[in-house]
Every structure is written in structure tokens, then in C-alpha cells.
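[1] A structural model of the following input is requested.
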Amino acid sequence: MADMGVNQGTAAQAKTAPFVRKATGLVRELPLLDMVTYNAAVASPIGTALALSLFFAFAAFPGANLVVALIVAFIGVVITIFVFALLSSAMPRIGGDYAFISRIINPPLALASNFCYLAGALLAVAWIAVIGVKLVLAPALAIVGTLNNDSNWINASNTVAQNGWAFVIGSVIVIATGAVAVAGTKLAGRVMSIFYLISLGGAVVTLAILAFTSHDTFVSHLNAFSQPFTHTADTYGATIAAGKKAGLVYPDQTGYSFGNTIGAIFITYGITVSSYAGCYLAGEMKGAGKRSRQLASMLIGGLGQGFLLVLSVIVFLNTMGLDFFAAASNGYYGVAVAPYSNFFVGVVAGNTALAIVLAVAFACAIPIWIYVNAAIVYRGPFAWAFDGLLPRALTIVNPRTHTPVVAITIVTVLCVAACAWAAFSVSFLTLFSYLVLLGFFTIIVVSIAAIVMPWRAPDIYRGSPAEWRVMGLQVLPVVGVLSVIWNVAMVVLAIVFHTNVGLPDLVHPIGVLAGIAIAGVVFYYVARAVQQSRNVDVSLAFKAIPPE
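    Reported below is the predicted structural model:
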């Protein structure tokens, strides 16, 4: 750990003054719209949430009532958002959980939490890049080829779905995303907002077409389209029958499964909760020190997308029928194509051009999804370096673009390396569960920080937007307690339903979580020891809010 950023001067001066500049060089230039779309896209943009997450939820928890699971999940989403929004308005700096925990509790725990969250976000970038090719781009090509009866599209789909191509194409997208990030946070925010709105537009068109299609019309079009592939006049009925023969239990025959509905909350909460992640960019958000602005950006982004998911599920089940939707999600539809909503819209509309447009809108979700997760990781090393825990080079900010160029470059290289792993790794659901569990650990520790902030950091709390009372009660500690209870319950769900969510055993995920957290603690003490050998007391950096 060469040049750790020690101030020039005498040893006595250095002992009391670790390297901390008066300003980060970052600029508050992200408007509310960009923060709303950022927060909405962190877990998954609406198109990919519909096509991927909900289909996997149906497969993992047969018979679950996903409408109920989504609505119940909103309780936890709102509680968690209040915790992060209040803390972020009191400390509107970059770093998210690292900034909160290091100033309220202590730096070692902050590094344990931040290591877990950044590890999850970094792996998410690689995972999204690869599944973006395998489960978005390849199926989109296959859908167009199938609808148009064109083998060239299908051959292209089979080619790009191969592990090697998934790695190459995914890495190119990651590098391109890093290049946009280097070009400027304001530019990146605007570009990603445009991509998100295109993706959202495709999802809304999909929803509207299915909403105005009767169930009988859907069945008629599906059977007519599918017959050349399945060689049966009733593919709809054959799909349901195949699922039943394989052991699927349909709710219209036995009722919804209460147990699986409870278990499905783990997934529905996991795909909607991350709308608090804009706090990691709070140092670059306009009006970040306002409680109302933080709440608006997170609540609109999270609940807005969540309610659209609920509406979409209701429409899909009404038009397609729950039995068919569940059977198709479990792989019993006889046509060799991903049973995504945009495919069924192409079947209903009988319009290849529309299918291509929707495929493009669907694919637009991937760069956004990558960027919003990568942006979190870019700022982690930057924040650590600002507190003297990493070399000063990581704090370099381009004066023209206002971006931490060195940090972005290093993280991009790490993400490309992770893409190689993700291209040949385990299933979508297993990785999803690992990433969510890493995030839950951070949420729980941040919630504990919210509980103790009035007593552990009174100078920061008093007079800040976080000091909010309703009917005499301090809101922050109350939502902190509720958040701990809720998120511990989500971890319990992961344990009880671990096989459903793709975790064959509990030893490995617990070991991974503990190992990463311990690595964060060790990192802090090693960095502090190195600085102490240079007569620098890094602990002093944590006695005040980080600079803007």
C-alpha cells in the first residue's frame, strides 16, 4: 500500500491530521428525475423485472400468490427507504452505508458492511452483463426469429447464448458503461434515464396490449401460432397438462399456497427494495440534504415500479391465465423460446416489427441495470481513500467531468474479470439469492445505526432532517427497529426456503457472507496500521461527516 495520501508536514502535524481534503471535487448535478430512474433501476428495470424475476418467482414458488407477495413486500420497502432516506438527508455524501456506519457506530463495522454491499454490487454487474446476453439478448433474437420464422435470428440467438460469447459481449457492455461513467456523472445520469424510459415504454406497451386482449383471443392466437411447432391444435391446454403431469399444483384447483406465498416475499422484496441505493450518490444529487427530496426519489422509484409490477401480474394472469403462466414459467410451453411477455405480445399482435421494437426496449434495460450497480462500486474505494484507507490516487476527480476516473477504471477492470466467472457460474436464482443476502446484512447494520444515531452521533443528528418527530416519536429509531425486524425475517425466509431460492445448502452462503465481512474488518486494521507507521491517525477522519 504505497502512498496512502499523507499530508506533507511534520510528524506531529500528521499524527493529528490524516489526509482529508476540504472538498471531494464531485459536483451536485444529478436532478430528481435522474435519481428516480436510478433508484427504480438498481434492483432491476421494469422490463427485466417482469421477464426474469417474476418468471423465476413462479418457478421457485409454485402456487404462490405473487400479487399478495408483492404488496406485502412493499411494507418492508417503505420501512427500509425511510431508514436510508433519513440517514442520507442527514449525511448527504457518497458512500452510503460506509458513511453512515463509520460515523455513527465504528469504522471496522462500516468496512464489514461496505465490503459485503460492494462485493454484491460488483458481482451483480458481472452477473447482469452475462444474463443480459443469455437471458435478454439471446431470447430477444430467438423471439424475433420465431415470430418471423427466420432461422438466421434463431442461429444468432444460439450463438450469443454460448458462454464465451456471453463473456465477450457482457464485457463490452461493462467497458462501454465505464466509459460513459468517466465522461461525466451528469451525462451518465441523463443517458441512463433515457434508456430507462425506453425500457419503461416497452413494458407499458406490452402491458397495454395484453390488458386489451381477452383471454379467449389470447388462447386462439397462441394455439394458431404454436401449432406448426408443437403439432397440436391446443398448445395452451397441452402446456397446462404437461405441467400438471410433471407435478405442478395449480391454485385454481387447490387454492393458493400460503407457505409459498410467504416464501415468495423473499424474491418480491429482493427485486423492489434496492430503490434506496441512490444514497450512494448523495454527494452528487441536487438537494440531497432535504428529507422530502430523498424520500421522493426513493419512494417514487421503488413503489412506482413495484405497483407497475403488481398491475402487470394482474393483467398477465387475467389474459394468459394463471395455470398457463405458471406452466410456461416452469418450461412446459412447447415452443423453443423464452416465454416472456414481449413474446406473447408479438403472438397476439402478429406483428414482427412490433416484436423487434419491444426486443430493443427490453435490451435497453441491461446498460442501465449495469450502470446503477457499477456506480455504487465506483464510489466505495473513492470514499475509503478520502478517509486515508487507500492510496490518494483513488481520490483523483477529473476537473472537467467531475468523475473519479481512477476508481472507475479500476472497478471496470474488476468487473470484466468477474464477467469471466459469471459466464460459467451457477443459476440465475442462486446468484440472485447470494446478492440479496449480502444486501440484507448491510441493511440490518444500517438500521442498527439508525436506531442508535440520536445517542451515538447527537451532533450530526440534532437539527438535521433525520431529527423528525411524529406525534412526539422520533421517526428514525422507530423505522430502524422495524427495519431490523423485517430484514431479519427476510433472512429467516431465505433459510427456511433455501432450496426454493437456489441455495442447496446454508454453509456456503453463510461462509461467503462471514468471509467478506471479516475481510472488511481486517482491511481496516491493516490500513490503520500502515498509516500509524507513517504517524497518521486515520481514526480522526471518522469524527466528522465526510467533506462534500
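
[2] which residues does Thr185 contact?
    Shown in contact with Thr185 (CB atoms under 8 Å, 6 or more residues apart in numbering): Leu26, Val27, Glu29, Leu30, Leu281, Glu284, Thr401, His402, Thr403. Every C-beta, even on glycine, is put in place using the N, C-alpha and C of the backbone.

[3] how about low-confidence regions in the stretch 251-400 of the chain?
    Counting by pLDDT under 70, the stretch 251-400 of the chain shows no low-confidence range.

[4] From the contacts of Thr185, keep the buried residues only.
    Buried residues within the contacts of Thr185, counting neighbours by 16 or more other CB atoms under 10 Å: Leu26, Val27, Leu30, Leu281, Glu284, Thr401, His402, Thr403.

[5] Quick check: Tyr236 vs Ala363, distance?
    28 Å (CB to CB, to the nearest Å).

[6] between the two, who's got more neighbours?
    Tyr236 (24 against 21; other CB atoms under 10 Å).

[7] Now the spatially closest residue to that one that is not a sequence neighbour: which helix or strand?
    Take Tyr236 and drop its neighbours on the chain: the residue closest to it by CB to CB, 6 or more residues apart in numbering is Val219, 4.8 Å away. For Val219, the element it lies in under DSSP states H and E is helix 215-230.

[8] which of the contacts of Thr185 sit farthest apart?
    The span of the contacts of Thr185, defined through CB to CB, is set by Leu281 and Thr401 at 14.9 Å.

[9] contacting residues around the helix holding Val219?
    Against helix 215-230 from outside (CB under 8 Å, 6+ apart): 146-147, 210, 232-236, 238, 318-321, 334-336, 344, 347-348, 350.

[10] make it 6 Å
    Contacts to helix 215-230, defined as CB atoms under 6 Å, 6 or more residues apart in numbering, come from residues Asp234, Thr235, Tyr236, Thr319, Gly334, Val335, Val347, Val348.

[11] So for it, what gets flagged as buried?
    So, applying 16+ other CB under 10 Å, buried residues of helix 215-230: Phe218, Val219, His221, Leu222, Asn223, Phe225, Ser226, Thr230.

[12] just stretch 313-324 next, same as before
    Those would be Val313, Val315, Phe316, Leu317, Thr319, Met320, Gly321, Leu322, Asp323, Phe324, for stretch 313-324 by 16+ other CB under 10 Å.

[13] now those residues in CSV, with distance to Gly304?
    Formatted as CSV, the buried residues of stretch 313-324 follow (distance: CB to CB, whole Å):
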residue, distance to Gly304
Val313, 16
Val315, 17
Phe316, 19
Leu317, 21
Thr319, 23
Met320, 24
Gly321, 27
Leu322, 25
Asp323, 30
Phe324, 28
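
[14] follow-up on the earlier one: kindly reformat the buried ones among the contacts of Thr185 as TSV and extend each row with distance to Leu414 and secondary structure.
    Output for the buried ones among the contacts of Thr185, formatted as TSV (distance: CB to CB, whole Å; DSSP: H, G, I helix; E, B strand; the rest coil):
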residue	distance to Leu414	secondary structure
Leu26	21	coil
Val27	25	coil
Leu30	24	strand
Leu281	19	strand
Glu284	22	helix
Thr401	21	coil
His402	22	coil
Thr403	17	coil
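
[15] In CSV, list the residues you listed along with distance to Ala60.
    Below are the buried ones among the contacts of Thr185 laid out as CSV (distance: CB to CB, whole Å):
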residue, distance to Ala60
Leu26, 40
Val27, 43
Leu30, 35
Leu281, 32
Glu284, 37
Thr401, 42
His402, 42
Thr403, 39
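
[16] mind listing the strands for this protein?
    469-470, 473-474 (DSSP state E).

[17] Between those strands, which one is closest to Ala142.
    Judged by CB to CB, the one of the strands of the chain that comes nearest to Ala142 is strand 469-470, at 52.4 Å.

[18] other SSEs contacting that closest one?
    With contacts defined as 3 or more CB pairs under 6 Å, 6 or more residues apart in numbering; DSSP states H and E, strand 469-470 has no helix or strand neighbours.

[19] going forward, begin numbering at 228 instead of 1
    Renumbered: residue one is now 228, and that last one reads strand 696-697.

[20] Give me the distance between the residue nearest to Tyr463 and Thr433.
    For Val446, the distance to Thr433 - CB to CB - is 18 Å.

[21] Touching, Val310 and Leu709? I think so.
    No. Contact criterion CB atoms under 6 Å: Val310 and Leu709 do not qualify, at 8.6 Å.

[22] who has more neighbours, the two?
    Val310 (28 against 19).

[23] Next up, the contacts around that one.
    Ser674, Ala677, Val706, Gly707, Ser710 are the contacts of Val310 under CB under 6 Å, 6+ apart.

[24] again, only using 7 Å
    Going by CB atoms under 7 Å, 6 or more residues apart in numbering, Val310 touches Val673, Ser674, Ala677, Val706, Gly707, Ser710.

[25] what's the most distant pair in those residues?
    Pairwise over the contacts of Val310, using CB to CB, the maximum falls at Val673 and Val706, 11.1 Å.

[26] check contacts around the residue nearest to Leu720 when sequence neighbours are not counted.
    Using CB to CB, 6+ apart and skipping the chain neighbours, the partner closest in space to Leu720 is Phe493 (4.4 Å). Applying CB under 7 Å, 6+ apart to Phe493 gives the contacts Met717, Leu720, Ala721, Phe724, Val728.

[27] could those go into TSV alongside distance to Ala403 and neighbour count?
    What follows is the contacts of Phe493, written out as TSV (distance: CB to CB, whole Å; neighbours: other CB atoms under 10 Å):
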residue	distance to Ala403	neighbour count
Met717	34	22
Leu720	37	19
Ala721	34	20
Phe724	37	21
Val728	32	27
